[in-house]
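A.B. asks: sequence-free structure coming up:
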């Protein structure tokens, strides 16, 4: 989850009154923040990824003021009509078709606000931009360049500029191959014949989206006027991200000025901060929350969440949603706003009225019977992962890797490359891990394996298996057979037979297949000495495994 | 050869010293054995016919309070005589009483006994006493002073005279009588023979065998006495895995609360794992670094067309749900991809899609997967607890109340609910519980009501309350384990030594 550090003094400026860290820590959780760390003059909080407007101190302060009822209702933002134009060249449509822009004038930045501006961009790149694919942001010092600006696609080798924080000019191609950001994000453009650029009227490069800005327009604490451009593949995501950014900068003291974005087929005045309108039915909110709030109480709660609402018909409100609240997509989201404004701490727990009876799943019932029998036979239960690898699962067991194995496409660790199809290899590993413990060792597991199956919609099925191993200096076939027979008798399995079988994990002539009602359901025998050695064990091992789906 | 225990041997040897016969008390003194040990020996030795027990009834006589008083001061009639003789053998009763300082309450008794013993004459009219000389000491007085000296006497052992005096003092209510049984132990001939031979130590037997029991030879051999405080050899019972024990308790809680257990595929289509839960196809959680995708088998089958279409449209534009949707082009191929389920909610939505009639109360405690690097607080494969209520008119407050009950049954009494966010619930909440053992609040289960975009494509018409959380954190808390990986190491030492009751 994204994190923001709120400096006490800076936070006080935004809420317009002095505050203590304790008071911040007390109230922020009721707005949905998780306290990570409380310092003497700061507090570090996690916020939920849907609330990207919390990526600035200004955004947190708006919510905090509302919750404390110091400022409620919709925050108002003015957009001054500007003359700056951004022309969109048709060439960008193939690589990164959309752009929107805005100007912020008269900013008074300092090191803290510059840092926060960078962090906001990163949060938006990740949370909304899906790591710059859908949107990427460029914030520029406007005073060093000359509008009108253009959004064009350029030949990868035709243009050179100095990337941010570098000393030398590089071509777009060089940036993708050598620059750290270029290498990290090259996949977003390298498939296109031309790469996107934002340039000014003198053809100076402001940015190479979504890779890197130019050093020329670098923003620092002396920058006063900002040009903001957001490019991407998702027009709505761009518009919303721009709104989140400019409203925060406005709260930080800047004046928002519009930019005329000329597409080949239309012109857009950007940003558009018109509040979104949405209907809320009072009874809908009350029924889900288990409350009986009046219209005015609902309106008051919404205002505390920094929304506005008015009644438009009996029991129905029209709610105004500020432009930075890009998370609200359905009436249900307003219900939560009512709950937060009302206060989660005021919601008294109740119990549902309906009486029901519980029932356990037949697989659990069966597994529990097996557990009862096996502990009666003196076995200790093991719990192993379904995830395993070919070496542990097949090679050490003297089995061939077949084609019917559930295999992972992208494991982060080579330890986990397949899903087990048997339990016994895990139990052998358990014996290996416990060599230093006293013998006799008797272990069992009753759990799932996964097998490929053409019949099911997931092309595989989980099957409940059970397996046991018994190891000590005189462990043998007879002992494990007695155990299996006792277990089958206690499970009340009828019509079972044991037949001589071959299995490379077991000693020849000391391994048998278990058949129930004519179907092979399992194996039992003395584990092959090579397998025992593969697991670096010394004592003989009697072992068995049964597919419980068949008994 | 008879086998003797230590207290038996000592008793025999003591008896030999005491010339073959002695009361128990005397044996105790002489042998230094405890009373109980001598009593046990007397029984067992008699059973072995080495001794004989003599029992005698005895009457023990002691002075009572009044008796002790008279023993010191003299009997009242004696005191009266002394006073009279000091007045030259003739004086009025009043004068005599005064002279002898006799208490008034004893006067009648004293005059009665003076007359009965014939020590003095009384002239009735003048109330004048006359006595010729000091009368000699009577047997009753002898017995009285003897009792005073000895504290107690045994009636049967007194001579005839004194035995008569007993009845006098008894009648005068100056003594207390108690009956006791006296045990004396006497060596038999066999006993004498044995002690004269000297007592032999017999070889000890430690295992009582069927042979010894059947033949009765266990009587003849000496079964070794064990040091019962010595530790026994360790044995380890069969046992349910500690994690499974807690899973069982949690399952019991759900069952007690009327929930039905559900179980579903571990290998799951992205459709049921993500799309059905309104997670957009470009959501970060769906990316390769978070989710295990399968190389074999690669793709599964999607459900019926109408369900897939409704889900697709909800993603794209909100369909009929009133939502704006995620505003992108939904891909069937992406939805067909097979994954290891990242949560058990895939099983829940599958179940709800088939069970639309309220009420539905279901739960699962089952395996889920995250493609993450494993460390002390993160596993790639772990368990999720999930509870679901779908019913008419259930509310967020009902969800809080249900969770509170759930925690209470786990022994967690203090619960708080905070606003939170989950992709498929709205409103959502996070619960924190107070853990007395750690003296701290801890985040456990997340919760919320399924979004309309989740339920409406499946035709579910009533609110779905959901909560869930990781099992392992709870287990680490309960078992005091601080590395999550350890829970599934199957360390036999740990399992063997973990008490069932924790």
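C.D. replies: Cool, the structure landed. All figures in this text were calculated on a predicted structure; none of them were measured in a lab.
A.B. asks: residues in the stretch 151-300 of chain B within reach of chain A, list them.
C.D. replies: Contact residues (C-beta under 8 Å from any C-beta of the partner chain) of the stretch 151-300 of chain B with chain A: B:234, B:236-241, B:243-244, B:248, B:251, B:254-263, B:265-269, B:282, B:284, B:288-289, B:292-300. Every C-beta, even on glycine, is put in place using the N, C-alpha and C of the backbone.
A.B. asks: filter the residues you listed down to just the buried residues.
C.D. replies: Using 16 or more other C-beta atoms under 10 Å in any protein chain shown as the burial test, those include B:236, B:238-241, B:243-244, B:251, B:254-255, B:257-263, B:265-269, B:292-294, B:296-297, B:300 as buried.
A.B. asks: filter these down to the ones in helices?
C.D. replies: B:243, B:244, B:251, B:254, B:255 (DSSP state H).
A.B. asks: so can I have JSON lines of these showing pLDDT?
C.D. replies: Listed next are those as JSON lines, based on pLDDT from 0 to 100:
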{"residue": "B:243", "pLDDT": "95"}
{"residue": "B:244", "pLDDT": "96"}
{"residue": "B:251", "pLDDT": "97"}
{"residue": "B:254", "pLDDT": "97"}
{"residue": "B:255", "pLDDT": "97"}
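A.B. asks: can you pick out the most distant pair from those residues?
C.D. replies: Farthest pair in these (C-beta to C-beta) is B:243 and B:255. Separation: 18.6 Å.
A.B. asks: buried residues, the helix or strand that contains residue B:79. List them.
C.D. replies: Take DSSP states H and E as the rule and residue B:79 turns out to sit in helix B:76-86. Of all the residues in helix B:76-86, those buried under the rule 16+ other C-beta under 10 Å are B:76, B:77, B:78, B:79, B:80, B:81, B:83, B:84, B:85.
A.B. asks: quick one: contacts for the nearest residue to residue B:152 once chain neighbours are set aside?
C.D. replies: With sequence-adjacent residues excluded and distances taken as C-beta to C-beta, 6 or more residues apart in numbering or on different chains, residue B:152 is closest to residue B:62, at 4.8 Å. Going by C-beta atoms under 8 Å, 6 or more residues apart in numbering or on different chains, residue B:62 touches B:147, B:151, B:152, B:175, B:176, B:178.
A.B. asks: do that again at 10 Å, thanks
C.D. replies: B:68, B:147, B:150, B:151, B:152, B:153, B:175, B:176, B:177, B:178 (C-beta atoms under 10 Å, 6 or more residues apart in numbering or on different chains).
A.B. asks: looking at these, which are in strands?
C.D. replies: If you go by DSSP state E, these have B:152, B:153, B:175, B:176, B:177, B:178 in strands.
A.B. asks: how about the nearest residue to the last one, chain neighbours excluded?
C.D. replies: Among residues not flanking residue B:178 along the chain, residue B:60 sits closest, at 4.5 Å (C-beta to C-beta, 6+ apart).
A.B. asks: how many residues are close by that neighbour?
C.D. replies: 15 (other C-beta atoms under 10 Å in any protein chain shown).
A.B. asks: and for the one 4 residues further on?
C.D. replies: Residue crowding around residue B:64 was assessed by other C-beta under 10 Å; the count is 12.
A.B. asks: measure the nearest residue to it once chain neighbours are set aside to chain A for me?
C.D. replies: In this structure, residue B:64 finds its nearest non-sequential neighbour in residue B:176, 5.1 Å apart by C-beta to C-beta, 6+ apart. Counting by C-beta to the nearest C-beta, to the nearest Å, the gap from residue B:176 to chain A is 66 Å.
A.B. asks: how does the chain divide into domains?
C.D. replies: Picked chain A for this. If you go by automatic domain parsing, the domain ranges for chain A are A:3-67, A:79-270, A:276-343, A:362-550.
A.B. asks: try again with chain B
C.D. replies: B:65-135, B:244-497.
A.B. asks: avg pLDDT for stretch A:53-67?
C.D. replies: Computed over stretch A:53-67, the mean pLDDT rounds to 95.
A.B. asks: just the buried residues of stretch A:19-36, please?
C.D. replies: Neighbour-count burial for stretch A:19-36, counted by 16+ other C-beta under 10 Å, picks out A:19, A:21, A:24, A:28, A:29, A:30, A:31, A:32, A:33, A:34.
A.B. asks: near chain B, anything from it?
C.D. replies: Yes: judged by C-beta under 10 Å from any C-beta of the partner chain, stretch A:19-36 and chain B are in contact via A:29, A:30, A:31, A:32, A:33, A:34.
A.B. asks: I'd guess the residue nearest to residue B:152 is in a strand, am I close?
C.D. replies: Yes: according to DSSP: H, G, I helix; E, B strand; the rest coil, residue B:62 belongs to a strand.
A.B. asks: what residues are bridge-paired with residue B:186?
C.D. replies: residue B:21, residue B:52 (DSSP bridges).
A.B. asks: so it versus residue B:6, what's the distance?
C.D. replies: 21 Å (C-beta to C-beta, to the nearest Å).
A.B. asks: now residue 292: closest residue in space that isn't a chain neighbour?
C.D. replies: Picking chain A for this. residue A:286 (5.8 Å).
A.B. asks: looking at chain B here, not the other one
C.D. replies: Closest residue in space to residue B:292, ignoring its immediate chain neighbours: residue B:340 at 4.1 Å, by C-beta to C-beta, 6+ apart.
A.B. asks: surely the one you found is in contact with residue B:295?
C.D. replies: No: the criterion here is C-beta atoms under 10 Å, and residue B:340 misses it with residue B:295 at 11.9 Å.
A.B. asks: which neighbours do these two share?
C.D. replies: Contacts common to residue B:340 and residue B:295, judged by C-beta under 10 Å, 6+ apart, are A:406, A:408.
A.B. asks: the residue nearest to residue B:178 contacts residue B:154, correct?
C.D. replies: Yes: using C-beta under 10 Å, residue B:60 is in contact with residue B:154, at 6.0 Å.
A.B. asks: what residues do the two have in common as contacts?
C.D. replies: By C-beta under 10 Å, 6+ apart, the residues touching both residue B:60 and residue B:154 are B:180, B:182.
A.B. asks: picking up where we left off before, cross the residues of stretch A:19-36 next to chain B against strands and list the overlap.
C.D. replies: residue A:34.
A.B. asks: between which two of the residues of stretch A:19-36 next to chain B is the distance greatest?
C.D. replies: Most distant of these, by C-beta to C-beta, are A:30 and A:34, 11.8 Å apart.
A.B. asks: overlap in contacts, those two.
C.D. replies: Residues touching both residue A:30 and residue A:34 (C-beta under 10 Å, 6+ apart) are residue B:418.
A.B. asks: burial count for residue B:194?
C.D. replies: 22.
A.B. asks: likewise residue A:351?
C.D. replies: Residue A:351: 13 neighbours (other C-beta under 10 Å).
A.B. asks: pretty sure it contacts residue B:408?
C.D. replies: No: if you go by C-beta under 10 Å, residue A:351 and residue B:408 don't touch, sitting 11.6 Å apart.
A.B. asks: what about residue A:125, neighbour count?
C.D. replies: 20.
A.B. asks: got a list of what it touches?
C.D. replies: Contacts for residue A:125 (C-beta under 10 Å, 6+ apart) come out as A:131, A:132, A:133, A:134, A:135, A:136, A:137, A:185, A:210, A:241.
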